[in-house]
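J.: A structural model of the following input is requested.
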Amino acid sequence: MRRLIDQGVGLAPHPSVEKAMARLQELLTMSEHWEDKASSLLKARPPHSIETLSAAAEKASGIPAYLPNCLLLKDTIRKAREWLQEAEELQASGGVPMMDSLSDMVLRGQAIQVHLEPLDRLESLMVEVQEWKESAATTFLQKDSTLTLLEVLCPRCEVGNVGSPKRKAKKGKESPKSNKKKTQRLNTLSDVEKALSDTKDFYLCNGNSGGAAGEGDGGFL
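T.: Down below sits the predicted model:
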């Protein structure tokens, strides 16, 4: 548009040329206004609401010109709506999000230049979870431990513990075959869950083990 206007200045005066020049100048002025407007809306701190941005994008959509900042504004609104829908579905499901999923949602929400109402609550929840993890790690993890917090808090199903008098008393009654089976090493959480469901000596078995394992597997850790 600027190039055409510059070329029109060098042409001989004519009503059609002057009319085209006026239209081009009006379109250029309007385009520059909305490009600056879209840029300022996306850079605003704190960010504007999705309603404010949507209203501006709707007005800019009527301009017959390629406007990069306005296109970026529309794309930002699309991402914000998708994020809000995901947050709404998560809340409606009543499920407890995994820590990684919660962190991912917070990071994606923070990258969108729109005020997202649920984001404040998720950020507060993240802070609470992090504080709890730090407190739990201080309480349960030894210094320079190679184990993770989940591994330490996971239910154990080891038998034949030397420090357990009850196990000592039972040791002589158990057959070698039974001892070999029960002292099998449990490497994963699924191994622990299976062992808990198969071992009648544990109070977590027969229905209760699923609840305990579910809390460790489906919680914020």
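
J.: every contact and neighbour count from this point should use C-alpha atoms.
T.: Noted.

J.: tell me where the model's unsure across this structure.
T.: 95, 156-221 (pLDDT under 70).

J.: any chance you could map the strands in it?
T.: For the chain, applying DSSP state E gives no strands.

J.: elements contacting the top helix by length along it?
T.: Identified as the longest helix of the chain according to DSSP state H is helix 15-43. When contacts are defined as 3 or more Cα pairs under 8 Å, 6 or more residues apart in numbering; DSSP states H and E, helix 15-43 packs onto helix 2-9, helix 50-60, helix 68-93.

J.: one more time with 7 Å
T.: helix 2-9, helix 68-93 (3 or more Cα pairs under 7 Å, 6 or more residues apart in numbering; DSSP states H and E).

J.: just say which of those is most tucked in.
T.: Across those, averaging neighbours per residue (mean count of other Cα atoms under 10 Å) puts helix 68-93 on top, at a mean of 16.

J.: what about the residue nearest to W34 when sequence neighbours are not counted, distance to M126?
T.: In this structure, W34 finds its nearest non-sequential neighbour in A60, 6.4 Å apart by Cα to Cα, 6 or more residues apart in numbering. From A60 across to M126, the span is 37 Å (Cα to Cα, to the nearest Å).

J.: cool, H115 as well?
T.: 18 Å.

J.: do E26 as well
T.: With Cα to Cα as the criterion, E26 and M126 are 50 Å apart.

J.: thinking again about what came up before, so which of A60 and M126 has more stuff around it?
T.: A count of neighbours by other Cα atoms under 10 Å puts A60 above the other of A60 and M126, at 23 against 17.

J.: TSV for the helices and strands packed on helix 15-43, including distance to L107?
T.: Output for the helices and strands packed on helix 15-43, formatted as TSV (distance: least, Cα to Cα, whole Å):
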stretch	distance to L107
helix 2-9	40
helix 68-93	11
